[in-house]
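1. This is the structure alone, sequence omitted:
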């Protein structure tokens, strides 16, 4: 992550005042500074350690790291390359399998930070001004909210946020199974 955060430097806003110094991070030289169009490719994401992935989520979701922002008109595709079959890793055969694999923590624990990031992405996508629900979007959204792997606190908070997302989103949330699950878990 140090390569993306940049190097720390001491900043002294006023040399005449003692104690106003602070540490700031200088952006790395290779990050874009001018308006695009351009592409910042994040390659081999599937090989990155969890700590790296958590750090990159800020860049992927907010177009910024804490020391720099991606200029306008820059895209940030993330690529993952299919590794040779490793019998220790789950094979993703469905969206549900993908979610299970992403949600897997150590032992029987769930990786809630990953699930929370997925919920955030779902909310931002579904409530964006440019989103137009397609044929299967309602069914997919409801199925996502019904997944056993999703902890109830995340499910309720995503449900609450989506219900405040406007008329179109509220209509997508109208499902008997979802309503029964929400009532039963209260």
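-> Sure, I can see it. Keep in mind the model is a prediction, meaning the values are calculated, not measured.

2. Are there helices or strands packed against the helix ranked longest in the chain, and which ones?
-> Secondary structure of the chain per DSSP state H: the longest helix is helix 112-126. Of the remaining helices and strands, those touching helix 112-126 by 3 or more Cβ pairs under 8 Å, 6 or more residues apart in numbering; DSSP states H and E are helix 50-62, helix 95-103, helix 137-146, helix 152-163. (C-beta placed from N, C-alpha, C; glycine too.)

3. Not counting its neighbours along the chain, what's nearest residue 78?
-> With Cβ to Cβ, 6 or more residues apart in numbering as the criterion, residue 78 has its nearest non-adjacent residue at 4.3 Å, and that residue is residue 42.

4. got a list of contacts for stretch 120-131?
-> Applying Cβ atoms under 8 Å, 6 or more residues apart in numbering, the set of residues contacting stretch 120-131 from outside is 61, 137, 141, 144, 158, 161-162, 165-166, 169, 172.

5. Contact partners for the residue positioned nearest the centre of the chain?
-> Per Cα atoms, centre = their mean, the C-alpha nearest to the average position across the chain is that of residue 117, at 3.8 Å. For residue 117, the contacting residues are 57, 61, by Cβ under 8 Å, 6+ apart.

6. try residue 35
-> Contacts of residue 35 by Cβ under 8 Å, 6+ apart are 71-73.

7. Please apply the same query to residue 27.
-> 6, 33, 65, 67-68.

8. Go through those and flag which are in strands.
-> Among the contacts of residue 27, the subset assigned to strands under DSSP state E is empty.

9. Among these, give me the pair with the biggest separation.
-> For the contacts of residue 27, the farthest-apart pair by Cβ to Cβ is 33 and 65; their separation is 13.2 Å.
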